[in-house]
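**Q** dropping a prediction and its sequence here:
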Number of protein chains: 2
Amino acid sequence: MTKSLLRVLQGEALDPPPVWLMRQAGRYLKEYREVRATARNFIDFCLTPDKAAEVTLQPIRRFGFDAAILFADILLIPMALGRKVWFETGEGPKLDPLSADDIASLEIGDVEGILGPVGETVSRLSVALPEETTLIGFAGSPWTVATYMIEGGGSKDRWNARRMYWEHPDAMQRLLDLLADATIRYLVMQAHAGAEVLKLFDSWAGALPGNMFDKYAIAPARRIIERIHAVEPGVPVIGFPRQAGEKVIPFVEATGVAGCGIDTSVDPRWAAQNLQGLTCVQGNLDPMLLVTGGDALVRTVKETAEIFADGPYIFNLGHGITPEADPANVDVMLKALRG
Amino acid sequence: MTKSLLRVLQGEALDPPPVWLMRQAGRYLKEYREVRATARNFIDFCLTPDKAAEVTLQPIRRFGFDAAILFADILLIPMALGRKVWFETGEGPKLDPLSADDIASLEIGDVEGILGPVGETVSRLSVALPEETTLIGFAGSPWTVATYMIEGGGSKDRWNARRMYWEHPDAMQRLLDLLADATIRYLVMQAHAGAEVLKLFDSWAGALPGNMFDKYAIAPARRIIERIHAVEPGVPVIGFPRQAGEKVIPFVEATGVAGCGIDTSVDPRWAAQNLQGLTCVQGNLDPMLLVTGGDALVRTVKETAEIFADGPYIFNLGHGITPEADPANVDVMLKALRG
């Protein structure tokens, strides 16, 4: 029997819909924090198959989600371009900032070697997961990863990345092309290792000027998906152009995604009317409801599922679950959804 | 002869379109910084008609914009609800955070008295401006102002405000109603003093869950606009639900705005096709182009104006001009636009 997540990605409507949560392997779980504490640093944690596979499995054991998403980070890919990445406690990811000149000398290294431990994690998960659970692999979209590489980490307004596409459009394009090519190899490796669905996170899609969205969000995603499907035609890709507003429509029409994540700011009624006819929609409960709980949680879960009941749909949050979320509220959410 | 900004707000298409810039009275201008240095603090600066009128006029003298926007701040209105507001250098606005209990005892004070100096600034500007220049008054939208009041200032993710609408929806509604009523009095005062157009800034509209946009962004704006038009039917209102994506359409349809600002993330081609038939569109050049300048600036100004040439349109940025902008680039922009 085909798994529920794969069925909705093929266009079926299911009741109840399959459900998983962005960042479901995360700090809101005590058992996650215990494993995290045994790793020297966050990058080591991601690149140690034992630990990465274990935290990927934890929320499946606890909640029985319909999909497991590989535990990794979108900022592993810069390592495949020869960049150092490290995490400072309480400060998030750090890299050496990239200038336009730096970009000219960047090259793609041994992607499959450098990120081989991620492939190993996927292989182990592929064996370890219950048979009804779909395994999702993922990567960051080139524009989103580029913002971190240019800034040298997170930033309030992505000033240097936004400056670069106006001042050095050729360097920016070269960086996005390199990232797209490395990402294709990375995702193909994940698919070969057993990932059944791939997700492309464009977390900063909403920071792009509207007139650059085609070039910097849609075109790289289309390139990645086309090349993956040339090798692995049976692996559906879910896109997530976060805060892209109305631009999710051209994104879905042009990229070949089988599903599209919508963030919390999207009106679910609008998405049901305008997006769900084009693709399987995934989203978009406010993660705050897993902190606050109560009647509002139950009511909003039921309302959201009802809005999307007539088409292909994956229940999820509109952003990642937060460390402040109460695992008991996840149980409440699942009960409201599954009855 | 009717002023150009008023003509486009009545539905006319003009070539060249009227132009002004969000935050045009600002730190990128040497003459602004000189006046700013004479004020004890930012609130005093806003509430001293001499100084506020002077910095409002500076960009008109220098650039000949088609509209002047009152120099003030969206965080003056909490003072009319009895809250203290102060600015700390390099840190932005500060207020005492509001709890749900605090909201129960809030009351609207003497709006016209407390914010009387703003009315005085508008009166002076009304006399001092060139006859072809339109005077725009403004306020923040209730939801956006509420986020600052609840958080006690700016915040990364508006955590407490988002928490409050799930945990204390009645308190949140009371706060928004109080803010709407105080804002109506504030904007009517500005109109009586000579503001010819009013603008409502909903800077954090994009932070609302999509299913709350009707209640927290559209309904307060509609209430404010209806009540203003009951008193001052001839004063058009421009809305600016920032980062609201596809929701600008229902916003415009439901609120009665005469114009709608679009932020930089909106695709101008989409807005020309889907929004401009409903209202006068204002926007949305990337403010970064006034930092970087060059051919990209000239080309993008011309492209943007061309896209909106067939309908009512106000040329502007998609966000406020930044302190890093080069005033010489504003001249380049105006030359590209006006020939």
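**A** Yep, that arrived.
**Q** contacting residues around A:Gly154?
**A** Neighbouring residues of A:Gly154 by C-beta atoms under 8 Å, 6 or more residues apart in numbering or on different chains: A:92-93, A:148. For glycine as for every other residue, the C-beta is placed from the backbone atoms N, C-alpha and C.
**Q** inside helices: which ones of those residues?
**A** Mapping these onto helices (DSSP state H) picks out A:Tyr148.
**Q** are any of the contacts of A:Gly154 buried, and if so which?
**A** A:93, A:148 (16 or more other C-beta atoms under 10 Å in any protein chain shown).
**Q** closest one of the contacts of A:Gly154 to chain B?
**A** A:Gly92 (11.7 Å; C-beta to the nearest C-beta).
**Q** ok, the closest one touching A:Gly153?
**A** Yes: counting by C-beta atoms under 8 Å, A:Gly92 does reach A:Gly153; the two are 6.2 Å apart.
**Q** so the closest residue to A:Gly239 other than its chain neighbours versus B:Pro323, what's the distance?
**A** Nearest non-adjacent residue to A:Gly239, counting by C-beta to C-beta, 6 or more residues apart in numbering or on different chains: A:Val257, 4.0 Å away. For A:Val257, the distance to B:Pro323 equals 39 Å [C-beta to C-beta, to the nearest Å].
**Q** who's more crowded, these two?
**A** A:Val257 (27 against 13; other C-beta atoms under 10 Å in any protein chain shown).
**Q** hang on, isn't the more buried one packed against A:Leu278?
**A** No: assessed by C-beta under 8 Å, A:Val257 is found out of contact with A:Leu278, at 9.4 Å.
**Q** quick check: which ranges of the stretch 151-300 of chain A have low pLDDT?
**A** Scanning the stretch 151-300 of chain A for pLDDT under 70 picks out nothing.
**Q** by proximity to chain B, which residue of it wins?
**A** A:Gly245 (1.9 Å).
**Q** ok, now which ones touch the spatially closest residue to that residue that is not a sequence neighbour?
**A** Leaving aside its sequence neighbours, A:Gly245 sits nearest to B:Gly245 (C-beta to C-beta, 6+ apart; 1.9 Å). Listed by C-beta under 8 Å, 6+ apart, the contact partners of B:Gly245 are A:243-247, A:265-266, B:206, B:265-266.
**Q** helix or strand: which one has the nearest residue to A:Ile60 once chain neighbours are set aside?
**A** For A:Ile60, ignoring the flanking residues on the chain, the nearest one in space by C-beta to C-beta, 6+ apart is A:Ala68 at 5.1 Å. For A:Ala68, the host element (DSSP states H and E) is strand A:67-69.
**Q** helix/strand/coil for A:Ala139?
**A** Under DSSP: H, G, I helix; E, B strand; the rest coil, A:Ala139 falls in the strand class.
**Q** oh sorry, the question was meant for A:Ile238
**A** When classified by three-state DSSP, A:Ile238 comes out as strand.
**Q** neighbours around the closest residue in space to A:Pro16 that isn't next to it in sequence, how many?
**A** Closest residue to A:Pro16 apart from its sequence neighbours, by C-beta to C-beta, 6+ apart: A:Arg338 at 4.8 Å. Number of residues near A:Arg338 (other C-beta under 10 Å) recorded here: 13.
**Q** and for A:Asp96?
**A** Applying other C-beta under 10 Å, we find 14 residues neighbouring A:Asp96.
**Q** before we move on, what about A:Arg83?
**A** Neighbours around A:Arg83, by other C-beta under 10 Å: 18.
**Q** now swap in A:Gly320 and tell me
**A** Look at A:Gly320: counted by other C-beta under 10 Å, it has 17 neighbours.
**Q** ok, now A:His168?
**A** A:His168: 18 neighbours (other C-beta under 10 Å).
**Q** A:Asp263 now?
**A** A:Asp263, neighbours per other C-beta under 10 Å, totals 26.
**Q** before we move on, what about the one 3 residues further on?
**A** Residue crowding around A:Val266 was assessed by other C-beta under 10 Å; the count is 29.
**Q** kindly report the residues of the stretch 101-250 of chain A close to chain B.
**A** Contact residues, the stretch 101-250 of chain A versus chain B (C-beta under 8 Å from any C-beta of the partner chain): A:159, A:162-163, A:166-167, A:169, A:206-211, A:213, A:243-247, A:250.
**Q** repeat that with 7 Å
**A** Neighbours of chain B within the stretch 101-250 of chain A, by C-beta under 7 Å from any C-beta of the partner chain: A:162-163, A:166-167, A:206, A:208-211, A:213, A:243, A:245-247.
**Q** I'd like the next helix or strand past the one helix or strand A:Thr144 maps to.
**A** Taking DSSP H and E as the definition, one finds A:Thr144 inside helix A:142-151. For helix A:142-151, the succeeding helix or strand toward the C-terminus, using DSSP H and E, is helix A:159-167.
**Q** dump that following helix to CSV, restricted to CA.
**A** Below are the C-alpha coordinates for helix A:159-167, written out as CSV (Å, rounded to 0.1, in the frame of the first residue of the first chain):
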residue,chain,number,x,y,z
TRP,A,159,22.0,43.8,3.7
ASN,A,160,25.2,42.5,2.0
ALA,A,161,23.3,39.8,0.0
ARG,A,162,20.8,42.3,-1.2
ARG,A,163,23.6,44.7,-2.1
MET,A,164,25.4,42.1,-4.0
TYR,A,165,22.7,41.3,-6.5
TRP,A,166,22.5,44.9,-7.6
GLU,A,167,26.3,45.6,-7.5
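**Q** so how far is stretch A:246-262 from its chain's centroid?
**A** 14 Å (C-alpha atoms, centre = their mean, to the nearest Å).
**Q** got a list of contacts for it?
**A** For stretch A:246-262, the external contacting residues (C-beta atoms under 7 Å, 6 or more residues apart in numbering or on different chains) are A:9, A:213, A:217-218, A:221-222, A:225-226, A:229, A:236-241, A:244, A:271, A:274-275, A:278-284, A:314, A:316, A:318, B:245-246, B:267, B:270.
**Q** now, of the residues you listed, which are buried?
**A** Buried among the contacts of stretch A:246-262 by 16+ other C-beta under 10 Å: A:9, A:213, A:217-218, A:221-222, A:225, A:236-241, A:244, A:271, A:274-275, A:279-284, A:314, A:316, A:318, B:245-246, B:267, B:270.
**Q** angle of the helix or strand containing A:Ala305 against helix B:159-167?
**A** According to DSSP H and E, A:Ala305 maps onto helix A:294-307. Per axes from the mean of the first three to the mean of the last three C-alpha atoms, to 10 degrees, the angle that helix A:294-307 makes with helix B:159-167 is 80 degrees.
**Q** contacts for the longest helix along chain A next, please.
**A** Longest among the helix segments of chain A by residue count, using DSSP H, is helix A:169-193. Residues outside helix A:169-193 that contact it (C-beta under 7 Å, 6+ apart): A:77, A:80-81, A:100, A:103-104, A:106, A:108, A:111-112, A:115, A:118-119, A:122-123, A:126, A:137, A:139, A:142-143, A:145-146, A:164-165, A:198, A:216, A:220, A:223-224, A:227-228, A:231-232, A:235.
**Q** can you name the residues bridging to the nearest residue to A:Leu275 once chain neighbours are set aside?
**A** Of all residues not flanking A:Leu275 in the chain, A:Val281 sits nearest, at 5.6 Å (C-beta to C-beta, 6+ apart). Counting by DSSP bridges, A:Val281 forms beta bridges with A:Cys260, A:Tyr313.
**Q** show me the contacts for A:Val281.
**A** Residues in contact with A:Val281 (C-beta under 7 Å, 6+ apart) are A:260, A:262, A:271, A:275, A:308, A:313.
**Q** the spatially closest residue to A:His319 that is not a sequence neighbour: neighbour count?
**A** If the residues on either side of it in the chain are set aside, A:His319 comes closest to A:Pro287, at 5.2 Å by C-beta to C-beta, 6+ apart. Residues within reach of A:Pro287, counting by other C-beta under 10 Å, total 21.
**Q** good, wrapping up.
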